[in-house]
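**Q** Below is the sequence, then the predicted model.
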Amino acid sequence: MLIVKDCIISEDIAEQRFCCDLAQCHGQCCVEGDCGAPLEESEVAILQRVLPIVEPYMTEKGRAAVAREGVSVPDNADEPSTPLVDGRECAFVAWGSDGTAYCTIEQAYRDGKTDFRKPVSCHLYPLRVDCYGEFTAVNYHRWVVCRCAAGKGEPLYLMLKEPLIRKFGQAWYDELLEAIQDYTLRKKQ
């Protein structure tokens, strides 16, 4: 385990490589699962603010789910998450012409319509962040729908540099780099 400030981080962040392969998975991480995307409390208000901008990108069923349930619903642990359409895909998912799921929030961001990219939990995926009172756990979530991405690309800490800084800050990330360097040196001994 690596420790940075109050975070306990799986060594996978240094060792595992990951690169999304949308041509293979078609964005199934936005479709499969038993809950929507985890949301931070502050993101609920942000989603309410950007909803009028994002709605034109959404599917009719996605708009209906949000109209019925709001931008946030409690997940299995009673934490805020995005609502689902028919118990399946995130309400903020739409489909490309090739059948690939994409995030309508991120599409609005890419089009320059909003300054909110997407929920940080989505931005960090396949890392999952769980708070346990005095400490936070950062773990690599291995999931069958992402099998095609595992082992490819850069190590997780490099591939996810931007969202890690977004979530924890530059000073935290710099400390993570030092912890990974120390871990790598210890492992070689």
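**A** Structure received.
**Q** Which helix or strand in the protein has the lowest average pLDDT?
**A** helix 22-25 (a mean of 87; mean pLDDT, DSSP states H and E).
**Q** State the number of residues packed around Leu51.
**A** 18 (other CB atoms under 10 Å). The C-beta positions use only the backbone N, C-alpha and C, and glycine is treated the same way.
**Q** Run through the strands of this structure in chain order.
**A** Secondary structure of the chain by DSSP state E: the strands cover 2-4, 7-9, 17-18, 73-74, 80-81, 84-85, 89-90, 93-95, 101-103, 127-132, 135-140, 154-155.
**Q** which helix of this structure spans the most residues?
**A** helix 170-188 (DSSP state H).
**Q** OK, contacts around the residue nearest the centre of the chain?
**A** Closest to where the C-alpha atoms of the chain average out (CA atoms, centre = their mean) is Cys122, at 1.7 Å. Contacts for Cys122 were tallied using CB atoms under 8 Å, 6 or more residues apart in numbering; they are Cys30, Ala37, Cys103, Glu106.
**Q** What's opposite the third one in the beta bridge?
**A** What that stands for is Cys103. Val93 (DSSP bridges).
**Q** my guess is it contacts Phe92, does it?
**A** Yes: contact criterion CB atoms under 8 Å: Cys103 and Phe92 qualify, at 5.9 Å.
**Q** Could you check which of those two has the larger neighbour count?
**A** Neighbours per residue (other CB under 10 Å) separate Cys103 from Phe92, with Phe92 holding more: 33 against 24.
**Q** thinking again about what came up before, among the contacts of Cys122, who's most crowded?
**A** Going by other CB under 10 Å, Ala37 tops the contacts of Cys122 with 28 neighbours.
**Q** Could you pull up the contacting residues of it?
**A** Cys30, Ser81, Thr82, Cys90, Phe92, Pro119, Ser121, Cys122.
**Q** Could you report the neighbour count for the fourth one?
**A** Cys90 has 26 neighbours, counted by other CB under 10 Å.
**Q** Now do it against Asp75, distance only.
**A** Note on Cys90: its distance to Asp75, by CB to CB, to the nearest Å, is 12 Å.
**Q** That'll do, ta.
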